[in-house]
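K.L.:
After the sequence you'll find the predicted model.
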Amino acid sequence: MTTIRLTMAQALIKFLDQQFISVDGKEIKFVQGIMGIFGHGNVTGIGEALERSSVSLDFIQGKNEQGMVHAATAFAKQNNRRQIYACTTSIGPGALNMVTAAATATVNRIPVLLLPGDNFSSRQPDPVLQQLEVPGDYSISATDAFKAVSKYWDRIVRPEQLMVAALQAMRVLTDPAETGAVTLALPQDVQAEAYDYPLSFFDKRVYTIDRRPPAADAIKRAVKLILEKKKPLIIAGGGVLYSEASKELASFAEAFGIPVAETQAGKSSLPWNHPLQIGAIGVTGSLAANLIAKEADLIIGIGTRYSDFTTSSKSAFAHPDVQFVNLNVNSFDSVKLNGIAVTADAKVGLRELQAALTAALTAAGYSSGYAPNDISTLKKQWDDEVDRLYAVEHSEGLSQTRALGVINENIDASAVIVAAAGSLPGDLHRLWRSEQPKTYHMEYGFSCMGYEIAGAFGAALAEPDRDIYAVLGDGSYLMLHSELVTSLQENRKITVLLFNNHGFQCIHNLQKGHGSNGFGNEFRYRAKDTNGLTGAYMPIDYAAHARSLGAKSYKSSTVEDLEQALLLAKQETVATLIEIAVVPGTNTDGYESWWHVGVPEVSVSESVLEASQLMKTRVQRARSI
């Protein structure tokens, strides 16, 4: 057996450079590169390997460990999970800064490879700088925190263990049903230890991602149930986009006249003006979709995990005999809500379900319970409502919905918007008009504040020929904006649309909607001799801050300002920020939906007690499974 003597870190880099996938006969290099922030736990191991190895992996210097993992996640998401960046850090705080982003990737079913440094395996420099000591179990280190948020976790304590661990890591990363964050904890001494690795370990590996077909009996069960129902509704989730099944979704819906609602991850599966596209579903849903959901006796979920927002905390589907057919590549999701599970790739599953249902209809006949104009009337009413909200004027300044309308009408249809948290995801889900697939990039599985700018950078890496816009509030910007610098460093232009509403206004609204007067969520000065932030708004100049980092920036507080800023930003060649002053509380809400949150049963406030009783009443009416 021919071998080559390498350090573990050198072997890992050499291995990653030779990993490829094949989808529908197209071969793609799977690991595009490595993002990293170096410290004493990885700089002389992986750092040296990257510096000296002759590999074709890009290296991108992160500025915040969480931010760079968000960027890697967004890159993979925009690439339909077919390419990744690995992320390397030092031990201790550098490693732990990735945990939040690891959870974000795993919740969203997005592949990302994490390579945190770890304590010395030899335990000789004990405790080493930044080492977490657990007296009752000395085998535990800071990287054990990744176990709960990883789909696969391993610690390489001998250099030869890499061979098994690396293959297991690739198994998970390339599996559409099981993917998420993969963590290989790398003790800093082991990174530098040498081993005679077989040359065959570094052979080019191509992982064929076969489109999983549905079981014939599962299709039969689904067809039988569909034939028994009169008012079906399709919910399109992220699996439609990851499977590139937009055409199949349109064909299926058109063949049987079934309306389509979209989740946050599934939005842009159909263009907004498709006659069967009735908009967003759930807590952040459209009136049309939520009204149809209440009457539907069958829900056909395609590639959705049925989060509480999608289901309005299991209350969206009010028909007493409603049942579910769940087409999902992940069996964990396909059995939810006690549905008939069709565990399969969305593209293949839709084709086979359409063919089987068409054949069954020829024999049995089928008549929808929808009146001829039911869907078109509700869609027209909702389109009119979006037009109204896009035109809302406010006496105090620019409303949030008006600003979104201006943006939607002034950027290219091929542009990608990236968002994640605050009140903007609700407004975008309801109001944004997507014409092309993959132009709506929302991280709403974890709704992680701070994803937006890093995510926009990752999307720009994935789609260098598209305009990429990060849409976020001032709260998210303050929480994490570091990868704006990375976008400048890498010459990947993004445009940051910062809605300045002076605080965490989404949660401020949630608070007030459940009996509170509002506490601790606005960016105000502390009033003298009080426990509250009730003074004047803090005059933070975000545009100036962005300029100080090297970005271009503009400010807008009127429609005319915003239109001009969007035009100028498009002409810029580097990252640009537009600070948009909007009136707090001018976002959308409601539309036949509610969200289950814990409201105190005991309070000195009558309004809180009333909100608690209302919540109890709503929960009693919701589904329990």
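P.N.:
Now that the structure is in, tell me what you want to look at. Residues are numbered from 1 along each chain as shown.

K.L.:
from what I can see residue 254 touches residue 276, true?
P.N.:
Yes - in this structure, residue 254 is within contact of residue 276 by Cβ atoms under 8 Å, at 6.8 Å. No exception for glycine: its C-beta is placed from N, CA and C like everyone else's.

K.L.:
Name the surrounding residues that touch the helix or strand where residue 555 lies.
P.N.:
Counting by DSSP states H and E, the element that carries residue 555 is strand 552-556. Strand 552-556 is contacted by residues 398, 542-544, 546-547, 561-562, 564-565, 568-569, 572, 574-581 when judged by Cβ atoms under 8 Å, 6 or more residues apart in numbering.

K.L.:
What residues does the closest residue to residue 399 other than its chain neighbours make contact with?
P.N.:
Using Cβ to Cβ, 6 or more residues apart in numbering and skipping residues adjacent in sequence, the residue nearest residue 399 is residue 586, 3.8 Å away. For residue 586, the contact set (Cβ under 8 Å, 6+ apart) comprises 392, 394, 399, 400, 401, 402.

K.L.:
From the contacts of strand 552-556, keep the buried residues only.
P.N.:
Buried residues within these, counting neighbours by 16 or more other Cβ atoms under 10 Å: 398, 542-543, 546, 561-562, 565, 569, 575-581.

K.L.:
Among those residues, give me the pair with the biggest separation.
P.N.:
Spatially, the most separated pair among those is 398 and 575, at 23.2 Å (Cβ to Cβ).

K.L.:
what's the domain layout of this protein?
P.N.:
The chain breaks down by automatic domain parsing into domains covering 3-208, 216-378, 391-502+538-581.

K.L.:
With respect to residue 604, which of those lies nearest?
P.N.:
domain 216-378 (27.0 Å).

K.L.:
Quick check: pLDDT value at residue 518.
P.N.:
Note on residue 518: pLDDT of 84.

K.L.:
any idea how far it is from residue 535?
P.N.:
In this view, residue 518 and residue 535 are 14 Å apart by Cβ to Cβ, to the nearest Å.

K.L.:
ditto for residue 24
P.N.:
On the measure of Cβ to Cβ, residue 24 and residue 535 end up 59 Å apart.

K.L.:
The two: which is more packed in?
P.N.:
More neighbours surround residue 535 than the other of residue 24 and residue 535, with 13 against 10 (other Cβ atoms under 10 Å).

K.L.:
Can you give me every residue that contacts the more buried one?
P.N.:
Residue 535 makes contact with 524, 525, 526, 527, according to Cβ under 8 Å, 6+ apart.

K.L.:
What residues are bridge-paired with the first one?
P.N.:
In other words, residue 524. On the basis of DSSP bridges, residue 524 is bridged to residue 537.

K.L.:
ok, it touching residue 538?
P.N.:
Yes - here residue 524 reaches residue 538: they are 6.7 Å apart, a contact under Cβ under 8 Å.

K.L.:
Burial check on residue 106, number of neighbours?
P.N.:
By the criterion of other Cβ under 10 Å, residue 106 has 23 neighbours.

K.L.:
Convert the C-alpha atoms of stretch 327-341 to PDB, please.
P.N.:
Taking C-alpha atoms only, stretch 327-341 is exported to PDB below (Å, rounded to 0.1, in the frame of the first residue of the first chain):
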ATOM      1  CA  LEU A 327     -44.100  14.700   0.500                       C
ATOM      2  CA  ASN A 328     -40.600  15.100   2.000                       C
ATOM      3  CA  VAL A 329     -37.200  13.600   1.500                       C
ATOM      4  CA  ASN A 330     -36.800  13.500   5.300                       C
ATOM      5  CA  SER A 331     -39.000  10.900   7.100                       C
ATOM      6  CA  PHE A 332     -38.800  12.900  10.300                       C
ATOM      7  CA  ASP A 333     -40.800  15.600   8.500                       C
ATOM      8  CA  SER A 334     -43.000  13.400   6.300                       C
ATOM      9  CA  VAL A 335     -44.800  11.900   9.300                       C
ATOM     10  CA  LYS A 336     -45.800  15.200  11.000                       C
ATOM     11  CA  LEU A 337     -49.400  16.100  11.800                       C
ATOM     12  CA  ASN A 338     -50.200  12.400  11.600                       C
ATOM     13  CA  GLY A 339     -50.100  12.700   7.800                       C
ATOM     14  CA  ILE A 340     -49.700  10.100   5.100                       C
ATOM     15  CA  ALA A 341     -45.900  10.000   4.500                       C
END
